[in-house]
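Q: coordinates only, no sequence provided:
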Ligand code: HEM
Ligand SMILES: [Ca+2]
Ligand SMILES: [Ca+2]
């Protein structure tokens, strides 16, 4: 279906995948949460139009960065994408796309966080544009209905079971209070475990969140840095943080998958792998479309 292929860089840059992996490992040892960021990057890049590194463009030269959107709130570690890119530029200048860095760093980040090894195709090229103005048509909001969420994923070919698996990424990382307080104040959402709500109120003591304040709660209090099925167990005990998380367990379309994933980490891993590949192959630029950026933050000057 897509023109991507396994080991696309075998001839042009044989060490490309190994270099990315080594950089991801090195960065993880210095800043563990980089691995978390690579997974969220894949979602925010691939979901919006194409897996084309449009997410990584900074505001410059008439381009408005997608990271300025409210939907990108909390995203971090972008500067370390450049660390990976520089290692590749040293080895093979202008050869490995930023879009493939997004895909492969997510794949390698999953492994660092105890998830499965996922085979991924390469050969994606980088966009010449950003889609800052249309992000909200692709990335759901934290309080959207489950039917809207499912239709967003469905529209890029991701089925219900795969969508449930992808949300399992919320088994790692953090959520800032601004995305939680609507479930705590003025009254606690009755679908939230009362003791857990008290804990969350401790993390987020005021309904008026200053977006600049760095108050947040960990997505998964029990295994915060392991990409595992604890997320689904948490949902079944009413400890989902976002409204969309909790709805996954209550909506009859998705709840059977939540129960199955909660009881079987191997099944979760298989579905997560399948789903991440689907997401990573959304509408790539290939052949002579787009370009290979020299610096992931800017389009090349032609
Ligand atoms: C309905 C779909 C989704 C919604 C509404 C959503 C929303 C959010 C929100 C609001 C945050 C917290 C931002 C903050 O306050 O700092 C977050 C964090 C995160 N999301 Fe999602 N998300 C969705 C799906 C996904 C998917 C499919 C993935 C990856 C496969 C993903 C990966 C992550 C990760 C890893 C974090 C933690 C980031 C960090 O700690 O730096 N999310 N998400
Ligand atoms: Ca994109
Ligand atoms: Ca976990």
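A: Yes, it's here. Just so we're clear, the structure is a prediction, and the values are computed from it rather than from any experiment. Ligands and ions are numbered 1, 2, ... in the order given.
Q: if I look at residue 245, how far off is residue 28?
A: 25 Å (Cβ to Cβ, to the nearest Å). All C-beta atoms are positioned from the backbone trio N, CA, C, and that covers glycine.
Q: and what of residue 295?
A: 23 Å.
Q: now the one helix or strand residue 82 maps to: buried residues?
A: Per DSSP states H and E, residue 82 falls inside helix 78-91. By neighbour count on 16 or more other Cβ atoms under 10 Å, the buried set for helix 78-91 is 78, 80, 81, 82, 84, 85, 87, 88.
Q: show me which of those residues is closest to ligand 1.
A: residue 78 (11.1 Å; Cβ to the nearest ligand atom).
Q: wait, the closest one touches residue 57, no?
A: No: in this structure, residue 78 is not within contact of residue 57 by Cβ atoms under 8 Å, at 10.5 Å.
Q: what residues does the chain have near ligand 1?
A: For the chain, the residues in contact with ligand 1 (Cβ under 6 Å from any ligand atom) are 36-37, 39-40, 43, 73-74, 76, 140-142, 149, 166-167, 169-170, 172-176, 179, 242, 244.
Q: follow-up on the earlier one: chain center to the helix holding residue 82: distance?
A: Here helix 78-91 is found 19 Å from its chain centre; the criterion is Cα atoms, centre = their mean, to the nearest Å.
Q: what about that helix, average pLDDT?
A: Mean per-residue pLDDT for helix 78-91: 98.
Q: same deal with stretch 217-231?
A: 96.
Q: before we move on, what about stretch 234-249?
A: Rounded mean pLDDT across stretch 234-249 is 97.
Q: how about it: buried residues?
A: Within stretch 234-249, judged by 16+ other Cβ under 10 Å, the buried ones are 234-235, 238-249.
Q: that one close to ligand 3?
A: No: applying Cβ under 5 Å from the ion, one finds stretch 234-249 separated from ligand 3 by no less than 8.5 Å.
Q: just the pLDDT for the residue nearest the centre of the chain.
A: Centroid check for the chain by Cα atoms, centre = their mean gives residue 40 as the closest residue, at 1.9 Å. Per-residue confidence (pLDDT) for residue 40: 98.
Q: so what's the residue of the chain at minimum distance from ligand 2 closest to, chain neighbours aside?
A: Nearest residue of the chain to ligand 2 (Cβ to the ion) works out as residue 54 at 3.6 Å. Using Cβ to Cβ, 6 or more residues apart in numbering and skipping the chain neighbours, the partner closest in space to residue 54 is residue 127 (4.4 Å).
Q: before we move on, what SS does the residue lying closest to the residue nearest to the centre of the chain once chain neighbours are set aside have?
A: Nearest residue to residue 40 in three dimensions, chain neighbours excluded: residue 75, at 6.4 Å (Cβ to Cβ, 6+ apart). Put simply, residue 75 is coil when judged by DSSP: H, G, I helix; E, B strand; the rest coil.
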